[in-house]
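[1] can't give you the sequence, but here's the structure:
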């Protein structure tokens with residue numbers, strides 16, 4: 001456990017050295033990696049979404065693939081394609097960029113829903129099927145996708161099934177003035193990504209991910225997870241609540257966060273702080289909520305505030321990570 005704590009701290013520091021001034025972003029990013037999940041980063045252009053994804057990838061010594069999503073991108077551009085070789089009179093499989101440990105999908109919602117859906121099998125099952133043949137993907141396998149708000153030109157909304165496969169969604173946001181000044185000083189003459197060296201390996205992160213699964217979650221904590229997720233399914237302001245996959249992923253990321261803190265057990269605080277980034281992007285608001293200007297984040301925050309916490313009182317302020 002001490003090795004996990006020290007290594008993940010180095011990864012967080014590496015990420016924060018490039019993307020400064022965004023409290024909690026690095027914690028959730030590393031926790032999603034340890035939980036063997038996938039990360040969606042959504043915000044307006046130019047705030048560091050791709051930089052955050054690249055910083056995580058460069059801090060780990062493993063294979064990295066980058067996909068620039070465009071309207072003309074085809075599913076085979078992601079998964080790979082069979083090429084006929086006239087010399088051997090046979091087909092040869094040429095793997096696509098998903099056959100890497102960390103896959104950066106830049107502006108994922110600029111591609112058509114058909115192309116976006118090519119990632120569904122990859123993200124859920126760690127494999128991809130091309131022309132009837134199934135290929136296993138390497139481990140660890142992490143998709144870090146960035147997207148612009150759907151209100152912007154040239155974007156397609158992600159299918160609900162694909163959003164549900166992203167373990168967490170983060171919003172980078174604008175840096176505070178001090179952090180932005182630090183960014184100007186650091187990048188005035190050099191790119192900090194160019195000097196970012198790996199601090200661990202993919203094999204180590206895969207080993208840590210196995211260790212995270214053994215972190216203890218008490219029955220009361222598991223019930224708290226189910227209470228939060230169940231409340232989204234009956235909330236009057238929602239048309240679609242969170243799935244059972246959301247329950248599982250919320251618990252897994254909470255275990256990862258506990259392990260990163262050096263604990264062998266999950267606290268309700270771990271679950272509470274992760275509720276917004278893990279649950280909000282899976283929800284569909286009712287028409288009345290949208291017209292009232294309510295966001296999915298508002299609904300999750302309200303649910304957390306009124307749901308009883310094991311061993312604590314309700315109504316406590318919610319401080320989600322990555323916000």
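    Everything's here; your move. Because the structure is predicted, anything quoted here is derived from the model rather than measured.
[2] low pLDDT regions in this protein?
    Scanning the chain for pLDDT under 70 picks out 20-23, 47, 150-154, 188, 311-323.
[3] for stretch 200-214, give me every contacting residue.
    Counting contacts by C-beta atoms under 8 Å, 6 or more residues apart in numbering, the residues outside stretch 200-214 that touch it are 1, 3-4, 7-8, 10-11, 33-36, 59-63, 101, 138-140, 252, 255-256, 259. In this view, the C-beta of every residue, glycine as well, is placed from N, C-alpha and C.
[4] one more time with 10 Å
    1, 3-8, 10-11, 14, 30-31, 33-37, 59-64, 100-102, 138-142, 252-253, 255-260, 264 (C-beta atoms under 10 Å, 6 or more residues apart in numbering).
[5] list the buried residues of that stretch.
    For stretch 200-214, the neighbour count (16 or more other C-beta atoms under 10 Å) marks 200, 202, 204-206, 208-209, 211-212 as buried.
[6] restricted to strands, list those residues.
    Secondary-structure check on the buried residues of stretch 200-214 using DSSP state E: residues within strands are residue 200.
[7] as TSV, the buried residues of stretch 200-214 with distance to residue 167 would be great.
    What follows is the buried residues of stretch 200-214, written out as TSV (distance: C-beta to C-beta, whole Å):
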residue	distance to residue 167
200	20
202	18
204	20
205	15
206	16
208	16
209	12
211	18
212	13
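[8] hang on, the earlier thing: now the buried members of the contacts of stretch 200-214.
    Neighbour-count burial (16+ other C-beta under 10 Å) is assigned, among these, to 4, 7-8, 11, 14, 30-31, 33-37, 59-62, 64, 100-102, 140-142, 252-253, 255-260.
[9] which of those fall within helices?
    4, 7-8, 11, 14, 30-31, 33-34, 252-253, 255-260 (DSSP state H).
[10] sketch out the helices for the stretch 151-300 of the chain, chain order is fine.
    160-165, 177-186, 202-212, 219-234, 244-260, 268-279, 287-291, 296-306 (DSSP state H, counting those that start in this stretch).
[11] right, and those helices - which one's nearest residue 95?
    If you check each of these against residue 95 by C-beta to C-beta, helix 202-212 wins as the nearest, at 16.8 Å.
[12] run the chain-centre distance for that closest one.
    Centroid separation for helix 202-212 versus its chain: 17 Å, with C-alpha atoms, centre = their mean, to the nearest Å.
[13] and the angle from it to helix 244-260?
    Interaxial angle of helix 202-212 relative to helix 244-260 (axes from the mean of the first three to the mean of the last three C-alpha atoms, to 10 degrees): 100 degrees.
[14] any idea how far residue 37 is from residue 134?
    With distances defined as C-beta to C-beta, to the nearest Å, the gap from residue 37 to residue 134 amounts to 22 Å.
[15] actually, residue 271.
    35 Å.
[16] how about the nearest residue to residue 59 once chain neighbours are set aside, what does it touch?
    Distances taken as C-beta to C-beta, 6 or more residues apart in numbering place residue 14 nearest to residue 59, at 3.9 Å, with adjacent residues excluded. For residue 14, the contacting residues are 26, 30, 55-56, 58-60, 192, 196-200, taking C-beta under 10 Å, 6+ apart as the criterion.
[17] which of those sits closest to residue 112?
    Among the contacts of residue 14, residue 56 lies closest to residue 112 (C-beta to C-beta), at 26.8 Å.
[18] I'd say the closest one and residue 27 touch.
    No - shown here, residue 56 and residue 27 do not form a contact pair, counting by C-beta atoms under 10 Å, at 12.0 Å.
[19] which of those two has more residues huddled nearby?
    For residue 56 versus residue 27, neighbours defined as other C-beta atoms under 10 Å are more numerous around residue 56 (26 against 21).
[20] pretty sure residue 70 sits in a strand.
    No - applying DSSP: H, G, I helix; E, B strand; the rest coil, one finds residue 70 to be coil, outside a strand.
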